[in-house]
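> could you work out the structure for the sequence below:
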Amino acid sequence: DLGWRASQQRQCHGTRPAAGGRLLRCALHRMAVAHLNRALAPLLARSSWREAVLLLQECPQADMVHHTMALRSCAKAAAWQVAISVFSSMQIASVRPDHFAFATAVDACARAFRWSAALAVLSTLPLSRLAPSLVAQSAAAAACEKASRWREALVLLGSLPAMV
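Alright, predicted model coming up:
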């Protein structure tokens, strides 16, 4: 169906119909992303953060979902320094983190009792033009609470929107 093919071409490369080579590259890109999804999912389930991060580094097609999956593996293992590295690599790879990526990076720091690192990640949220999320702020407050940093935890909790 020519209509379907044209719509697929627009999804990959804007509004102009793609040349045959560009369409092939787009199809290969989608296949690489699908393979990366299949490879990362079991690593996430096993909390194999080392393998997840290595796989992420080897695949230039990795998108925000893949980075967040690797972040989740790091968070499960409380590998906060690696999580910060993965989070930082998103910007280098021109991958814009979303609320889930922020919350997961903060959670990795919280699980390792690194309250200052959690607050540092949270402080970069406005640079991404995202409003603070309840999940990320709660995770940062939990990191402060675990480290007995009550003042910081109370400030964060005080900034949360009121529940009605």
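
> so where's the protein uncertain?
By pLDDT under 70, the low-scoring segments of the chain are 1-47, 160-164.

> if you set the cut-off to 80 instead, what comes out?
The chain contains residues with pLDDT under 80 at 1-48, 52, 55-56, 58-62, 131-132, 156-164.

> which stretches in it count as helices?
2-13, 20-45, 49-58, 64-76, 80-92, 99-111, 115-123, 134-146, 150-159 (DSSP state H).

> residue contacts, residue 110?
When contacts are counted by CB atoms under 8 Å, 6 or more residues apart in numbering, residue 110 touches 118, 139, 140, 142, 143, 146. Heads up, the C-betas are built off the backbone N, CA and C, glycines and all.

> which of those residues are buried, as a PyMOL select command?
Those of those that count as buried under 16 or more other CB atoms under 10 Å are selected in PyMOL with:
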select buried, resi 118+139+140+142+143+146
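
> and which of the contacts of residue 110 is nearest residue 66?
Within the contacts of residue 110, proximity to residue 66 (CB to CB) peaks at residue 139, which comes in at 20.9 Å.

> my guess is residue 49 meets residue 70, correct?
Yes. Contact criterion CB atoms under 8 Å: residue 49 and residue 70 qualify, at 7.3 Å.

> which one's more surrounded, these two?
The neighbour comparison of residue 49 against residue 70 (other CB atoms under 10 Å) goes to residue 70, with 31 against 24.

> thinking that one is in contact with residue 53, fair?
Yes. Contact criterion CB under 8 Å: residue 70 and residue 53 qualify, at 5.5 Å.

> and for these two, which residues touch both?
By CB under 8 Å, 6+ apart, the residues touching both residue 70 and residue 53 are residue 86.

> list the contacts of the closest residue to residue 67 other than its chain neighbours.
Excluding the flanking residues, the one nearest residue 67 by CB to CB, 6 or more residues apart in numbering is residue 90, at 5.0 Å. Listed by CB under 8 Å, 6+ apart, the contact set of residue 90 reads 64, 67, 96, 97, 101.

> check residue 128 too.
96, 97, 102.

> 7 Å instead?
Contact analysis of residue 128 by CB atoms under 7 Å, 6 or more residues apart in numbering lists 96, 97.

> could you report the distance from it to residue 116?
20 Å (CB to CB, to the nearest Å).

> again with residue 69
26 Å.

> next: residue 94.
Residue 94 is 28 Å from residue 116, by CB to CB.

> thanks a lot, see you next time.
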